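Chemist: could you look at this predicted model? Sequence included:
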Amino acid sequence: MKTSIRTQLLIATVAATVVAAPMLAEAKKSKEPGVEEQLKFKAGDESGNEVKALKTEMLVIKSEKQAVAQLDKLLKRYKKTRMEPEILFRFAELYMRRARSERFFEIHKNDKEIVSFVPQLVKDASESAEIKKSIAYYQEIQEKWPRFRAMDVVIFNHAYAYQQLGEDKKAETLLYRLIKEHGSSGLVPDSYLAVGEIAFQRRDFKLALEQFKQIRRFPNARVYPYGIYKTAWTYYNLQDATSGLKQLEDVVAFGHQVALSKQDSKLDLRKEALGDMALYFSDVKKSEEAVKYFQVQAKELDAIPYIMRLVELYNRHSQYKDIESVLKDVLKTWPESPSAAQAHEELAWNYERLKNRAAAGEQLAAFDKWCDALIERTPKSKKGAVVEPECRTKITEASKKLSTKWHAKSNSDKWSDEDEKRFQTLADTYVKRFPTGQYAFDLRFKRAFIAYEKERYDEAAPQFKKIGWTDVASATQASDKILKAQDLYLDILNIKKDYKAIKEAAKLLLGGKQDAGRTTQIEKIYREAYFSEIQQMEEKGEIAQAVEAYKKFALENTGSELAPKAWWNASQLQFRMGDAQGGANTCYQMHKLFPKSSNGRDCLTKAAQTFETMARLDLAARVLLNLALVEADKQDKWREVAADFFALSGDKERAITMYQKLAEDRKKQSEQVALLDKAAILARDSGDMKTVAAIEAKFSREGIEPQASRLVVEQAEEALAKQDYSKAFNVSKRIIGKGSLPKELLARARFVQAQVLEDEYRRQSVKARVEKVGMVLAMKTEKLEKAQKAFQSAINYGDPATSVKSLKRLANCYLDYAAQVRGMDLKGVSEADLQAFRGETEQLVVPMEEKGIESMNQALDAAKKAQLREGQIAEIQMEVNKLNMKSEVLP
């Protein structure tokens, strides 16, 4: 059992060596003036902090190399012992962490600032090389130590490493093995999810479905809702949208439960599921059911955005009657919702698509009236100004576009077939005789326009194209008709939804000479066609190609209002494909590329959740800092969570700086104290005693409780450790009477005093002449009673950890008393008197010994009830076993 405890201590030492020792050593060695100041992070200076993050990353790499050297030394020392697999396990973890550092530089290969700072480091960065080293260690542990204590973790991490390299077959084999050999492991549901993801990626949807369904058996697992969500998409890819929709309903229902019980928000996938429901719904249900369906599913959430997603799908497939039905139902169900503005606008455009211009005009008027009412309901600011909602902008834009279009369409009445035939004959005759005559151009335009009016688009299109793209090169006359021919040709292509042709035609126009206004107009047409072409690609199931196309579009057209939407679409498609890391990276970049995007907040939130799930807390923290800029009203919350993530990922210095800055900005003392507590704990772990001292001085100076009293207890414990018993006892006395303090502090203070009294008891000797035996025993007993009362007082405070320690030490006092009395040596006494003395003292010793055994058993029960770790239960159990063995041979 001693070996086991020693092994556990060595494991803790190894873990500390990997992370803390190199960092501390580096901190002690570095005496360069200004280095600490240069690396301190400044709240709000995210650009500067990125560079400082790079410098910190370089220090981390250096520290990791030192950690490798430390582990090498440990491995040589403990080769062929039970410590060897523990050290190899730490090696594997360390190389996976180093892979993250390499990934940092790979991500920033196109960042000119970072490349200029460390060009060689960026050039040589290789995440895969570090992962392969980690794989080698995981493999060795499995081959040489098949009964390793954390074999399920080793296998899962081994599989994860293979996945990072794209070697899915090897990963799959390992995951199946984990499921089979470690059925009770908490990683089994994660393994089912991982195998399902692999099968999904290679489009083996039947196998993926089998794996995802298994996760249903683990309702308390972290991956439970995500397993159902992936089941839905698997059904959809198997052409079973009905079953898929049912799965999404389960995801939403689970999300409602999570929100109601205030569980971890990462388990709430309602928004994702509701957004996807639109696609499934359009395949299997009728449009008249839409509003009621989404209202029931969304419950307290705003259902309109998800219904508008359905409307968008209907529009792509020209289901205009369905759109009309749904939008009218939306406006009837939520007449006063601000979100209904989009429904009002879309309904007007839908009437235009149905060529019902009278209804479109009436709808715009209704929209305008609705907007006025909304403005009236909008609360005024303190200065009396009304913040106008977005509906006013929407009405203005829609009115301009529709009026322009109607004006162009109503320029002339349609010709009868007879008149048209007569005109064509005359026009053909003239153009044939005078191909470059004064009226030839106008006649050709008119003929094309008549065909356009009568919706003979295949006939009109080539004529308009010739006028707009061929004649423009040589003709300066009738330029207004050339421009109109271009517009009408593009309109025909739009009616046909031939976005590729629109894009090509617009690109040709942009290559020519245009005035600024015309160029802006054509650029917009080009971008809209480009965007629509990618949407068609998405509808055909060419998801990977659509992702690349959306990103390319966004980067080529950063000034377009469609650019942020394209980038958002790319990220969502990546998540839908199962490429969680890719989607998260895309969302992370979105804030930098498009800081004003309306989807920026949702994208950053998704990225943060994804990086957290992947245990990439360093990246999750950086995302949250961006999210703090987007959600100004929640910036304190996001910055604190970011600081927590930096702390957990090992970037303690940055976390400390952020905690201190956040504490300065908080008004409530309780919040300030909580943040400073976090900073102090990290600073102490990092060896930054200067920061610890500054925080503790603030606590003491301002009398902040319970922190000030905690410092008093720690002073007492420190004095006790240095055997300054008088100081330890008196310092503890300063807080014993403060009943308002946490029981844990009071218990610790009393425990210090109890140990001082225990020391006095143990110093009391039982050596004495025969005539003074009674007096000596009385003194020893008195000292024991004082220590006993102190330990029992510490126990009565109810702090589990202190109670266990008190019971254990009290038990040892009882047992020591029994041993001391039983071993008293009375010289110069006859054998008969000695035997009589032994008989008398045994009546005192046996109950005391039983009391010691009873107290040790109580310590064991208390340790188990408190679920203490770090080998404490095993250590006490060993003591109990020894005592039980002794009691069996007692006379």
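Modeler: Perfect, I can see it now.

Chemist: now do the helices in the stretch 751-891 of the chain.
Modeler: For the stretch 751-891 of the chain, helices defined by DSSP state H, counting those that start in this stretch occupy the ranges 773-796, 800-822, 831-866, 872-889.

Chemist: turn those into CSV, columns for mean neighbour count and mean pLDDT.
Modeler: In this view, the C-beta of every residue, glycine as well, is placed from N, C-alpha and C. Below are the helices of the stretch 751-891 of the chain laid out as CSV (neighbours: other CB atoms under 10 Å; pLDDT from 0 to 100):
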stretch, mean neighbour count, mean pLDDT
helix 773-796, 17, 88
helix 800-822, 21, 90
helix 831-866, 16, 83
helix 872-889, 14, 75
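
Chemist: mind checking which of these is nearest residue 173?
Modeler: Residue 173 lies closest to helix 872-889 among those, at 35.6 Å (CB to CB).

Chemist: one step back: could the helices of the stretch 751-891 of the chain go into JSON lines alongside distance to residue 76?
Modeler: Listed next are these as JSON lines, based on distance: least, CB to CB, whole Å:
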{"stretch": "helix 773-796", "distance to residue 76": "44"}
{"stretch": "helix 800-822", "distance to residue 76": "36"}
{"stretch": "helix 831-866", "distance to residue 76": "36"}
{"stretch": "helix 872-889", "distance to residue 76": "28"}
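
Chemist: quick one: closest of those helices to residue 466.
Modeler: Among the helices of the stretch 751-891 of the chain, helix 831-866 sits nearest to residue 466 (CB to CB), with 88.0 Å.

Chemist: can you give me how far the closest one is from the chain middle?
Modeler: With CA atoms, centre = their mean, to the nearest Å as the basis, helix 831-866 stands 56 Å off its chain's centre.

Chemist: elements contacting that helix?
Modeler: In terms of contacts (3 or more CB pairs under 8 Å, 6 or more residues apart in numbering; DSSP states H and E), helix 831-866 is packed against helix 800-822, helix 872-889.

Chemist: just to revisit the earlier point, who wins for proximity to residue 610 among the helices of the stretch 751-891 of the chain?
Modeler: helix 831-866 (36.1 Å).

Chemist: the closest one vs helix 800-822, what angle?
Modeler: Orientation check (axes from the mean of the first three to the mean of the last three CA atoms, to 10 degrees): helix 831-866 against helix 800-822 gives 170 degrees.

Chemist: check the gap between the closest residue to residue 390 other than its chain neighbours and residue 363 for me.
Modeler: Taking CB to CB, 6 or more residues apart in numbering, and ignoring the residues beside it in sequence, residue 390 has residue 341 as its nearest neighbour in space, at 6.1 Å. To residue 363, residue 341 is 13 Å away according to CB to CB, to the nearest Å.

Chemist: over to residue 180?
Modeler: 62 Å.

Chemist: same check on residue 821?
Modeler: 101 Å.

Chemist: residues contacting residue 591?
Modeler: For residue 591, the contacting residues are 597, 600, 603-604, 626-627, 629-630, by CB atoms under 8 Å, 6 or more residues apart in numbering.

Chemist: re earlier: contact partners of the one helix or strand the residue nearest to residue 390 maps to?
Modeler: Per DSSP states H and E, residue 341 falls inside helix 340-353. Helix 340-353 has contacts (CB under 8 Å, 6+ apart) with 304, 307-308, 311, 315, 318, 320, 323-324, 327-328, 330-331, 334, 357, 359-360, 363-364, 366-367, 370-371, 374, 389-391, 394-395, 398, 402, 405.
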